[in-house]
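Asker: Take a look and give me a structure for this.
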Amino acid sequence: MISFLKPDAEQFFRTYNITQFTVSKDENKIIFSSNLNGKFNLWTMDLPNHFPYPLTYNDQTSNFIKIDPKNRYVLTGFDHDGDENYQIYALPLEGGKPLPLITGEKHEKYYFGDLSEDGERIYYITSHNNSSFLNIRRYNLNTKEDELLLEGTDTPGYLEAVSPKEKTFAYIKQYANTYTLGYIIKGDEQICVTPSPEVVHTVSNMIYVSENVIYMITNYESDFSYLASFELNTKTFTPILKLEQEDMKEIKWHKKTNTLYIVSEKGVVDLLYAYQVNSNTLTPIESPLEIIDQISLADSGNLYILGQSATENDNIYMRSINGKWKRITDNRVLGVPEAAMVDPEIVSYPSFDGKKIESLLFRAKPEVANGYTIFWPHGGPQYAERKVFRGLFQFPLGRGYNIFAPNFRGSTGYGASFTKMVEGDWGEGPRLDCIAGIEWLFEQGISERDKLFVVGGSYGGYMTLLLAGRHPEYFRAAVDIFGPSNLFTFIDSVPAHWKPIMKRWLGDPVEDKERLTKDSPITYLEQMTKPMLVIQGANDPRVVKAESDQIVAALKEKGVDVEYLVLEDEGHGFSKKENEIKVNRLILEFLEKHQ
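Answerer: Residues are numbered from 1 along each chain as shown. As a prediction, the model looks like this:
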């Protein structure tokens, strides 16, 4: 018999990401952003054919895609090698070289907001002349007039939607991830859509269903977000629909049937519903995916979703009006069937103060298990580890490693009060949740005390460094992927439009000096004795390269075994397949070296 080798990194990371998509009004064309050729470009399929072909060749990440209602052009946004300074471009439906449309200096940001119903006017947000608070502008494609509509003043603001007749627009002010206020801008008047802006809450997904009525998602006076409406003429806020222990996260409106399609977040999975407004009827829809990243609704009533599951990477599905699902894309792991991958268990453990911490436990299959476990603190921190596909998980699982991913305090999907617990406390409560989870792993016999690694990215990289410094006895080695090492320098170096929210989110360098010192990983250099691998994107705008440089230099000076990989053409993540493969191959080699 033929004996085949174990799947290589190439197989798990030759899976392709689809980050967003759009469908033409006539449903004859679907365009999506993907790294099908190893780098991100726009791709399209002429439906009902399912063979994709490229629209662009500039090898850059896109942050939005919008097809003109009259099928004359495509709008999109590109950054440069992960710098997240997105600017707005146009291209013909057939593709080609993107035409710079609304652009500026390399360091400036131009975010798409909305497109008029006739496709003649573009509404956008920009950091030009207002890097901290951002401005909202309107660009006329015919006259080339570029008009300032709203100047941001006290906190960053983001355009949500424009009314059908373009008389008003919906606008979000962000004071923190857990404090976002919704406004309707009518001339010089700013009308708050919730009763009291002083109450800390969130508003998102504001959509016009008529010129004077919007629907939104909010958690005003509630721990979980729900559906509400605002009537502009009477200035009336009305809660409409709440789900039990679920956070609504996205809504789409179907005008012909007066139906809202709702995606909700329940712990580590998403749920899908149709809500018929006239009859006040809520109908659950069985989804083919456990995580729904985007939904799009056609005039016909066909529903398109982009999402993933723990054992299925990004795919687009279409649900016809008869209720049947059809997979549009066929994105899969090369040579590894779903049955060979690991679907995680959903487990919970009590933390140091009795708080219940839901987690994902991936157990390596018995025939390959090597006895070692990877502890994975997620990024964010106001984020959660969910049942998404991660080659970063499935690859080491195939080599025998267990993986444990806790949703410590600060994680989303468990109510606003839980999410807020990390604000002003990055390094105490979440860290102790992690330690409680590690001890639970030992108590349950899932991991032995001398066979544990810690690996994390972004905030998870920060927590990796902090755990490696404060609790080195737990780990054989650590892998930090673009994690902040010094909270003082991190606060000083974040993007300008983040700075207004940093005090509430993390703290003030003067007022909170003692706490920020205590919670900075670099404070614990003397205790960082275990081997470490540090990975950093040179163009990272969120956690700048200096954050990794300083911790690596200090550890090398102490004689600690530290490896450092800088990716010169990446930012806060991996936009190029060759880099992603290189990084994950290096991580596995590092773990194997330190078994």
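Asker: would residue 437 count as being in a helix?
Answerer: Yes - the assignment for residue 437 by DSSP: H, G, I helix; E, B strand; the rest coil puts it in a helix.
Asker: What about it, how many residues nearby?
Answerer: Residue 437: 22 surrounding residues under other C-beta atoms under 10 Å. Where C-beta positions appear, they are placed from N, C-alpha and C, glycine not excepted.
Asker: So it sits against residue 407, correct?
Answerer: No - using C-beta atoms under 8 Å, residue 437 makes no contact with residue 407, being 9.8 Å away.
Asker: confidence score at residue 9?
Answerer: Looking at residue 9, its pLDDT reads 67.
Asker: Now residue 315: which helix or strand?
Answerer: strand 312-319 (DSSP states H and E).
Asker: now for that strand, which elements pack on it?
Answerer: strand 18-23, strand 29-34, strand 303-309, strand 325-327 (3 or more C-beta pairs under 8 Å, 6 or more residues apart in numbering; DSSP states H and E).
Asker: before we move on, back to that, give me the common contacts of residue 437 and residue 407.
Answerer: Residues touching both residue 437 and residue 407 by C-beta atoms under 8 Å, 6 or more residues apart in numbering: 357, 359.
Asker: Do you have the strands of the stretch 401-550 of the chain handy? List them.
Answerer: Secondary structure of the stretch 401-550 of the chain, counting by DSSP state E, counting those that start in this stretch: strands at 402-406, 452-457, 478-481, 532-537.
Asker: now do the stretch 101-250 of the chain
Answerer: Shown for the stretch 101-250 of the chain, the strands assigned by DSSP E, counting those that start in this stretch span residues 110-115, 121-126, 135-140, 146-151, 157-162, 169-176, 179-186, 189-192, 203-208, 213-218, 226-231, 236-241, 247-254.
Asker: returning to what we had before: among the strands of the stretch 401-550 of the chain, which comes closest to residue 498?
Answerer: The closest of these to residue 498 is strand 532-537. By C-beta to C-beta, the value is 17.0 Å.
Asker: Adjacent strands (with direction) for that closest one?
Answerer: Partners of strand 532-537 in the sheet, by DSSP bridges, are strand 478-481 (parallel), strand 562-567 (parallel).
Asker: Check the offset of the last one from the chain's centre.
Answerer: Here the centre of mass of C-alpha atoms in strand 562-567, compared against the chain's by C-alpha atoms, centre = their mean, to the nearest Å, lies 25 Å away.
Asker: C-terminal to it, what's the next element?
Answerer: From strand 562-567, the next helix or strand downstream (DSSP H and E) is helix 577-593.
Asker: Which positions in that next one come out as buried?
Answerer: By neighbour count on 16 or more other C-beta atoms under 10 Å, the buried set for helix 577-593 is 577, 579, 580, 581, 582, 583, 584, 586, 587, 588, 590, 591.
Asker: got the angle for it vs strand 452-457?
Answerer: On the basis of axes from the mean of the first three to the mean of the last three C-alpha atoms, to 10 degrees, helix 577-593 is oriented at 160 degrees to strand 452-457.
Asker: just checking, what packs against helix 577-593?
Answerer: Here helix 577-593 touches helix 9-13, helix 391-398, strand 478-481, strand 532-537, strand 562-567, going by 3+ C-beta pairs under 8 Å, 6+ apart.
Asker: from those, which stretch is densest packed?
Answerer: Comparing the helices and strands packed on helix 577-593 by mean neighbour count (mean count of other C-beta atoms under 10 Å), strand 478-481 comes out on top with a mean of 28.
Asker: Run the chain-centre distance for it.
Answerer: 20 Å.
Asker: Residue 480: which of the helices and strands packed on strand 312-319 is closest?
Answerer: Short answer: strand 18-23, nearest of the helices and strands packed on strand 312-319 by C-beta to C-beta, at 24.6 Å.
Asker: List the strands paired with that closest one, with their directions.
Answerer: Strand 18-23 pairs in its sheet with strand 29-34 (antiparallel), by DSSP bridges.
Asker: Distance to residue 305 and mean pLDDT for the strands of the stretch 401-550 of the chain - can I get that in a markdown table?
Answerer: Converted to a markdown table, these look like this (distance: least, C-beta to C-beta, whole Å; pLDDT from 0 to 100):
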| stretch | distance to residue 305 | mean pLDDT |
| --- | --- | --- |
| strand 402-406 | 24 | 98 |
| strand 452-457 | 26 | 98 |
| strand 478-481 | 29 | 98 |
| strand 532-537 | 30 | 97 |
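Asker: need the ones you listed in JSON lines with distance to residue 395, can you?
Answerer: As requested, those are arranged in JSON lines below (distance: least, C-beta to C-beta, whole Å):
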{"stretch": "strand 402-406", "distance to residue 395": "11"}
{"stretch": "strand 452-457", "distance to residue 395": "12"}
{"stretch": "strand 478-481", "distance to residue 395": "13"}
{"stretch": "strand 532-537", "distance to residue 395": "15"}
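Asker: what's the closest of those strands to residue 311?
Answerer: Among the strands of the stretch 401-550 of the chain, the nearest to residue 311 by C-beta to C-beta is strand 402-406 (13.5 Å).
Asker: ok, residues contacting that closest one?
Answerer: 344, 349, 357-364, 369, 372-378, 385, 393, 396-397, 433-434, 437, 441, 446-447.
Asker: In PyMOL, how would I select the buried members of those residues?
Answerer: The buried residues among the contacts of strand 402-406 can be selected in PyMOL (16+ other C-beta under 10 Å) with this line:
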select buried, resi 344+349+357+358+359+360+361+362+363+364+372+373+374+375+376+377+378+385+393+396+397+433+434+437+441+447
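Asker: mind listing which of the contacts of strand 402-406 are in helices?
Answerer: Among those, the members found in helices (DSSP state H) are 393, 396, 397, 433, 434, 437, 441.
Asker: out of those, who's nearest residue 523?
Answerer: Using C-beta to C-beta, the ones in helices among the contacts of strand 402-406 come closest to residue 523 at residue 434, 17.4 Å.
Asker: So the closest one sits against residue 375, correct?
Answerer: Yes - Residue 434 sits in contact with residue 375 when judged by C-beta under 8 Å, with a separation of 7.3 Å.
Asker: Find the residues that touch each one of those two.
Answerer: The contact sets of residue 434 and residue 375 overlap at residue 467 (C-beta under 8 Å, 6+ apart).
Asker: Residue 238: neighbour count?
Answerer: 10.
Asker: Give the closest residue to it in space, chain neighbours not counted.
Answerer: residue 229 (4.9 Å; C-beta to C-beta, 6 or more residues apart in numbering).
Asker: which residues touch the strand holding residue 315?
Answerer: For strand 312-319, contacts defined as C-beta under 8 Å, 6+ apart pick out 15-19, 21, 30, 32, 34, 285, 288-289, 293, 302-308, 325-333, 338, 389, 391.
Asker: What average pLDDT does it get?
Answerer: Across strand 312-319, pLDDT averages out at 95.
Asker: and it, which strands flank it?
Answerer: As assigned by DSSP bridges, strand 312-319 forms pairs with strand 303-309 (antiparallel), strand 325-327 (antiparallel).
Asker: ok, and which of these has the densest surroundings?
Answerer: Highest mean neighbour count of these: strand 303-309, a mean of 22 (counted as mean count of other C-beta under 10 Å).
Asker: Next, the angle strand 247-254 makes with it.
Answerer: 150 degrees.
Asker: What residues does residue 523 make contact with?
Answerer: 469, 517.
Asker: now it: how far from residue 501?
Answerer: 24 Å (C-beta to C-beta, to the nearest Å).
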